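>>> predicted model, plus sequence, below.
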Amino acid sequence: MLRLCANLKWLFTELPFIERFDAAANAGFTAVEYASPYEHRASELRALLRSSGVQQVLINTPTGDPATGAGFGVACLPGRQQEFRAAVKKALDYAVELECGLVHVMAGVRPPSISYDAALLVYVANVAWAAELAEKAKVRLTLESINQRDIPGFFLQTQEQGAAVIEAIGSPQVALQFDVYHCQVAQGDVTRRLEALMPLIAHVQVADAPARNEPGTGEIAWDYVFRRIQQLGYEGWIGCEYRPARDTISGLSWRHPYRV
C-alpha cells in the first residue's frame with residue numbers, strides 16, 4: 001500500500017490554513033506537506049501537528065520577492081549566494097523544529113541574461129554547501145524539476161538534470177523529488193524514468209495531467225504508475241499536490257484502492 005500525505009497548500013483550501021491539519025487527519029491522512037511554513041511561528045505549527053496527530057514530511061526553502069527574480073528561489077542565481085544561504089538556514093531551523101525530514105531546495109528561474117552553464121555552477125555549489133548543513137541537522141534536501149508550462153524558465157526542467165546534480169554532488173543528503181505531474185507534462189515516459197531514477201528518489205508527488213487535478217481526472221494511468229512504484233520498492237511518502245476538481249473531500253475517493 002502507498003503512504004499518502006496531504007499537501008496543505010493545495011488541499012482543504014476551503015478552510016483557513018491552521019484548520020487544515022485537523023481536516024487532513026479527519027480525512028485519514030497521517031502526514032502533511034506544504035511549501036511555506038514561514039508565515040507562522042515554528043512552535044505554532046508544531047503544536048498544530050501534535051494536536052492533530054499528523055507528521056510533517058516536507059517543506060520548501062523560502063522564496064523571495066518575485067519583482068527581484070526570487071519568486072521561485074535563488075539557488076541558481078549568481079551573486080545571490082548569501083540570500084540563498086540565509087534561506088537554507090531558515091528552512092533547516094523550521095525543519096528541525098517541525099521534525100520534518102525533507103526540505104525541497106527551490107532552484108529558481110534562470111534569466112535569459114545568465115547562461116545555463118553559469119547558473120549550473122552556482123546551483124551545484126549552493127546545493128553542495130547546503131548539503132553540509134543539512135547533514136548536521138539530520139535533514140535531507142530534495143531537488144525537483146518543474147515543467148516549463150507552469151513555471152517558464154525554472155532552472156531544473158527534467159528529471160535527469162536533477163539526477164545529474166545529485167550525482168555530481170555525491171552526498172546522501174541530496175535526493176530527487178519526483179513529481180509525476182511535472183514529469184508527464186515536461187517529458188512523459190513516467191514509469192521508465194521512475195525505474196531509472198528510483199535509487200535517487202526520496203519523495204514522490206502526484207497530480208493528474210493536464211489540469212493538475214486529483215488522480216483519475218486526466219490522462220495518466222494511475223493503476224499502472226502506482227503498481228510500478230510499489231514494485232520498485234519505494235517506501236517513502238507520496239504527496240498529494242493537486243488542485244481538487246471540485247472540493248477536497250469529494251475528490252478523495254481515488255485513494256481507496258491505494259492508501260494505507
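Perfect, thanks for sending it.
>>> contacting residues for the residue lying closest to residue 179 once chain neighbours are set aside?
What sits nearest to residue 179 in space, not counting adjacent residues and going by CB to CB, 6 or more residues apart in numbering, is residue 205, at 4.3 Å. C-beta here means a position set from N, CA and C on the backbone, and glycine is covered the same way. Taking CB atoms under 8 Å, 6 or more residues apart in numbering as the criterion, residue 205 is in contact with 7, 144, 177-181, 238-241.
>>> distance check, residue 205 against residue 137.
Distance of residue 205 to residue 137, given as CB to CB, to the nearest Å: 22 Å.
>>> can you give me the offset of stretch 7-25 from its chain's centre?
With CA atoms, centre = their mean, to the nearest Å as the basis, stretch 7-25 stands 17 Å off its chain's centre.
>>> span of that stretch from start to end?
One end of stretch 7-25 sits 12 Å from the other (CA to CA, to the nearest Å).
>>> quick one: mean pLDDT for that stretch?
Mean pLDDT, stretch 7-25: 98.
>>> can you give me the buried ones in it?
By neighbour count on 16 or more other CB atoms under 10 Å, the buried set for stretch 7-25 is 7-12, 17, 20-25.
>>> ok, stretch 179-189 next?
The neighbour-count check on stretch 179-189 (16+ other CB under 10 Å) flags 179-187 as buried.
>>> residue 207: neighbouring residues, count only.
Neighbours of residue 207 under the rule other CB atoms under 10 Å: 25.
>>> and it, what's its pLDDT?
98.
>>> which residues touch it?
Counting by CB under 8 Å, 6+ apart, residue 207 has contacts 179-181, 213-215, 240-243.
>>> again, but for residue 176
Contacts of residue 176 (CB under 8 Å, 6+ apart): 142-144, 159, 162-163, 166, 197, 200-203.
>>> next: residue 76.
Counting by CB under 8 Å, 6+ apart, residue 76 makes contact with 107-108, 110, 119-120, 122-123, 126, 155.
>>> and those, which is closest to residue 64?
Closest approach between those and residue 64, by CB to CB: residue 108, at 9.4 Å.
>>> would you check that the closest one makes contact with residue 78?
No. Counting by CB atoms under 8 Å, residue 108 does not reach residue 78; the two are 10.8 Å apart.
>>> between those two, which has more neighbouring residues?
residue 108 (29 against 14).
>>> okay, that one: pLDDT?
At residue 108, pLDDT is 97.
>>> look up how far residue 240 lies from it.
In terms of CB to CB, residue 108 sits 25 Å off from residue 240.
>>> quick revisit: in CSV, list the buried residues of stretch 7-25 along with distance to residue 90 and secondary structure.
Below are the buried residues of stretch 7-25 laid out as CSV (distance: CB to CB, whole Å; DSSP: H, G, I helix; E, B strand; the rest coil):
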residue, distance to residue 90, secondary structure
7, 21, strand
8, 19, coil
9, 18, coil
10, 23, coil
11, 25, coil
12, 25, coil
17, 19, helix
20, 22, helix
21, 21, helix
22, 26, helix
23, 27, helix
24, 24, helix
25, 27, helix
